[in-house]
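Chemist: sequence unknown, structure follows:
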């Protein structure tokens, strides 16, 4: 696979590995001579945060297409193949981010086993308007007439992303390419082998040295702690830091759980220090950088006390990918940009004195859960929903204050109790300022078309983090207030998905769409409930909920908390929004 810097490169690798395909990621400038020497069966050109009409866009060796082996281009790779063969690529009428309906020719071997209509996942602004001469169009969507093409069933291009969990049958497409078109041999991925190799890797790197491990109580850090404990035993000290941004009663619960696992545990209450450092800070990146820096300082303090040289973290693949890919710093072609700063990756301070070990950095969440079960972690840890390292700071817009944290803790308990019934992958409440920057007539028009009622659409002043076309965006939040609130319940779920897709695709500065369910005059803050379904946390779809029940919850919260002015449920997919607010 030629890596053009797309945020889903590792998803492609993971999907193929799951299917038993040997896959190697290489630089997009790799020579065809090397590929010939390696005896590759096929080549995938990944997506990336580029346009073929950029000045000096990244490209592959043109000789690649003369090797006679199957080639599959995805997103940017799809556009690049078309461009290099004389097709026309241009900016689309509007971006496609998230859910789209695909009409396809299921007689083609790439689509073997699929129906003629499939759900697919899009994240792009450019389109192939005219395919190259001799290329046949084999799939389309409402916004991309050339959503897939082929040349003699050997060269393929797909505008959509088959590698993400919300192209439900995308894994079938990649499997067809690998086995039916490339003729790859199948092998099995071995979790036993991974466990053994990970333990040996930690043993070899650390030897007799001592280490501290950051443990939040979530599945990632707890699994990493158990793995490291198997490697170095009592030379490992687990450190749990209460930074004042935990959920209600969480640190007490986490400490109890970690002690039951038999870990050598140190508990640090640094809540006052963290909240003081965050005072008056509005920018999301600054918050994460401050939190990352303070975490390391606290870990280094404990490390000095116990004589540790190493810091072990439960960093997983989505953390690394989102902190090292995207538009922000792409000019070096090392794809060193980011979607957002994770406190445990891009948020780590320079000059850190501890050596770093991240045994899970190649794994996705579902793989970590499988490993947790293999290591014997109890279900309430292995299946625990994710909670970000920076805690509630990721769910508060604007400056983080003690007042906001206290309010969000109380509200979050009620929101989680309600959302839990839908069994989402992740669910929580977010707190925003009830300040409107103005109305959005275009958003209202789009919403009215789908909800079939009069709608008021407001742009909130707060910014949040989103991802569009493999690029990070700081975007606005749109709240939709329908005249008939019951229209949320009467509108089909697919139409709601299409609506948010159209809003975020049509308005570049918007990355979140919120269904307003209860509101009133006054109130400093608003609460947005978020629940998503996802396998890998790289893409996500909002959980289907009972809007009538959520409306009643919203009214109850507004009655009990005079500080609140509105309550809503976020209906945005990822992309265009990240799962967390910031």
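Modeler: Alright, I've got the coordinates. Here the structure is a predicted model, which means the values were calculated and not measured.
Chemist: where do the helices sit along the stretch 201-350 of the chain?
Modeler: Assigned by DSSP state H, counting those that start in this stretch, the helices in the stretch 201-350 of the chain fall at 219-232, 250-260, 271-278, 284-306, 317-324.
Chemist: for residue 169, find the nearest of the ones you listed.
Modeler: Taking Cβ to Cβ, helix 317-324 is the member of the helices of the stretch 201-350 of the chain nearest to residue 169, at 22.3 Å. Just so you know, the C-beta spots here come from the backbone N, C-alpha and C atoms, and that holds for glycine as well.
Chemist: next SSE downstream of that closest one?
Modeler: strand 355-357 (DSSP states H and E).
Chemist: buried sites along the lengthiest strand in the chain?
Modeler: For the chain, the strand reaching the highest residue count under DSSP state E is reported as strand 88-104. Residues of strand 88-104 classed as buried: 89, 92, 95, 96, 97, 98, 99, 100, 102, 104 (neighbour count, 16 or more other Cβ atoms under 10 Å).
Chemist: quick one, helices of the stretch 351-500 of the chain?
Modeler: Here the stretch 351-500 of the chain has its helices, by DSSP H, counting those that start in this stretch, at 365-375, 379-382, 402-419, 441-451, 487-490, 493-506.
Chemist: pick the most deeply packed of the ones you listed.
Modeler: Highest mean neighbour count of these: helix 493-506, a mean of 22 (counted as mean count of other Cβ atoms under 10 Å).
Chemist: what packs against that helix?
Modeler: strand 88-104, helix 441-451, strand 510-519, strand 541-542 (3 or more Cβ pairs under 8 Å, 6 or more residues apart in numbering; DSSP states H and E).
Chemist: got phi/psi on the closest residue to residue 432 other than its chain neighbours?
Modeler: Nearest non-adjacent residue to residue 432, counting by Cβ to Cβ, 6 or more residues apart in numbering: residue 397, 4.3 Å away. The phi/psi pair for residue 397 (degrees, to the nearest 10) reads phi -80, psi 140.
Chemist: between the helices of the stretch 201-350 of the chain, which gets nearest to residue 448?
Modeler: The minimum distance between residue 448 and the helices of the stretch 201-350 of the chain falls on helix 284-306, with 31.6 Å, by Cβ to Cβ.
Chemist: name the SS class of residue 526, please.
Modeler: Following DSSP: H, G, I helix; E, B strand; the rest coil, we place residue 526 in the strand state.
Chemist: who does it bridge with?
Modeler: Counting by DSSP bridges, residue 526 forms beta bridges with residue 432, residue 566.
Chemist: about what we covered before: least reliable of the helices and strands packed on helix 493-506 by average pLDDT, please.
Modeler: For the helices and strands packed on helix 493-506, mean pLDDT drops lowest on strand 88-104, to a mean of 87.
Chemist: helices or strands next to that strand in the packing?
Modeler: helix 76-84, strand 117-130, strand 136-140, helix 493-506.
Chemist: re the thing from before, got the helices of the stretch 351-500 of the chain as CSV, with distance to residue 254 columns?
Modeler: Formatted as CSV, the helices of the stretch 351-500 of the chain follow (distance: least, Cβ to Cβ, whole Å):
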stretch, distance to residue 254
helix 365-375, 15
helix 379-382, 10
helix 402-419, 15
helix 441-451, 41
helix 487-490, 36
helix 493-506, 35
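Chemist: partner strands of the longest strand of the chain, with direction?
Modeler: Applying DSSP bridges, one finds strand 88-104 paired with strand 117-130 (antiparallel), strand 136-140 (antiparallel).
Chemist: which residues are contacting the shortest one?
Modeler: The reference is to strand 136-140. 102-105, 108, 110-111, 131, 145-151, 158 (Cβ atoms under 8 Å, 6 or more residues apart in numbering).
Chemist: ok, now stretch 553-569?
Modeler: By Cβ under 8 Å, 6+ apart, stretch 553-569 touches 407, 410-411, 414-415, 418, 434, 479, 514-531, 542, 545, 547, 550.
Chemist: same deal with stretch 263-278?
Modeler: Stretch 263-278 is contacted by residues 212, 215, 225, 229, 234, 236-245, 251, 255, 258-259, 287, 290-291, 294, 298, 302, 306, 393, 399-402, 405 when judged by Cβ under 8 Å, 6+ apart.
Chemist: can you select the buried ones among the residues you listed for me in PyMOL?
Modeler: To isolate the buried ones among the contacts of stretch 263-278 in PyMOL, judged by 16+ other Cβ under 10 Å, type:
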select buried, resi 212+215+225+229+236+237+238+239+240+241+242+243+244+245+251+255+258+287+290+291+294+298+302+393+400+405
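Chemist: what's the domain layout of the chain?
Modeler: Here the domain parsing of the chain from automatic domain parsing is 2-181, 191-382, 396-570.
Chemist: can you flag the weakest of those domains by average pLDDT?
Modeler: domain 191-382 (a mean of 85).
Chemist: chain center to that domain, what's the gap?
Modeler: 18 Å (Cα atoms, centre = their mean, to the nearest Å).
Chemist: can we start the residue count at 15 from this point?
Modeler: Right, with 15 as the first residue, what we last looked at is domain 205-396.
Chemist: next, the distance between the ends of that domain.
Modeler: With Cα to Cα, to the nearest Å as the measure, the first residue of domain 205-396 is 16 Å from its last.
Chemist: what does stretch 225-240 give?
Modeler: Rule used - Cα to Cα; the end-to-end distance of stretch 225-240 is 13 Å.
Chemist: how about residue 584, what does it touch?
Modeler: 444, 526, 527, 528, 529, 542, 543, 544, 556, 591 are the contacts of residue 584 under Cβ under 8 Å, 6+ apart.
Chemist: most neighbours of all those, which one?
Modeler: Counting neighbours by other Cβ atoms under 10 Å, residue 591 leads these with 31 neighbours.
Chemist: bridging residues for that residue?
Modeler: residue 480.
Chemist: so it sits against residue 517, correct?
Modeler: No - the pair residue 591 / residue 517 is not scored as a contact, 11.2 Å apart, by Cβ atoms under 8 Å.
Chemist: picking that back up, the helices of the stretch 215-364 of the chain into a markdown table, with extra columns for distance to residue 195?
Modeler: Listed next are the helices of the stretch 215-364 of the chain as a markdown table, based on distance: least, Cβ to Cβ, whole Å:
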| stretch | distance to residue 195 |
| --- | --- |
| helix 233-246 | 36 |
| helix 264-274 | 48 |
| helix 285-292 | 52 |
| helix 298-320 | 42 |
| helix 331-338 | 27 |
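Chemist: residue 365: which of those helices is closest?
Modeler: The nearest among those, by Cβ to Cβ, is helix 298-320 at 9.5 Å.
Chemist: which one of the helices and strands packed on strand 102-118 lies closest to residue 209?
Modeler: Nearest to residue 209 among those is strand 131-144; the distance by Cβ to Cβ comes to 31.5 Å.
Chemist: buried stuff in the closest one?
Modeler: Of all the residues in strand 131-144, those buried under the rule 16+ other Cβ under 10 Å are 132, 133, 134, 135, 136, 137, 138, 139, 140, 141, 142.
Chemist: and stretch 494-513, how far out from the chain middle?
Modeler: In terms of Cα atoms, centre = their mean, the gap separating the centre of stretch 494-513 from the centre of its chain is 25 Å.
Chemist: again with stretch 107-116
Modeler: Relative to its chain's centre, stretch 107-116 lies at 18 Å (Cα atoms, centre = their mean).
Chemist: what's in contact with it?
Modeler: For stretch 107-116, contacts defined as Cβ under 8 Å, 6+ apart pick out 131-139, 153-158, 161, 174, 180, 482-483, 508, 511-512, 514-516, 518-520, 522, 555, 586-590.
Chemist: residue contacts, residue 488?
Modeler: By Cβ under 8 Å, 6+ apart, residue 488 lies in contact with 298, 477, 478, 479, 480.
Chemist: residues contacting residue 366?
Modeler: By Cβ under 8 Å, 6+ apart, the contact set of residue 366 is 310, 314, 325.
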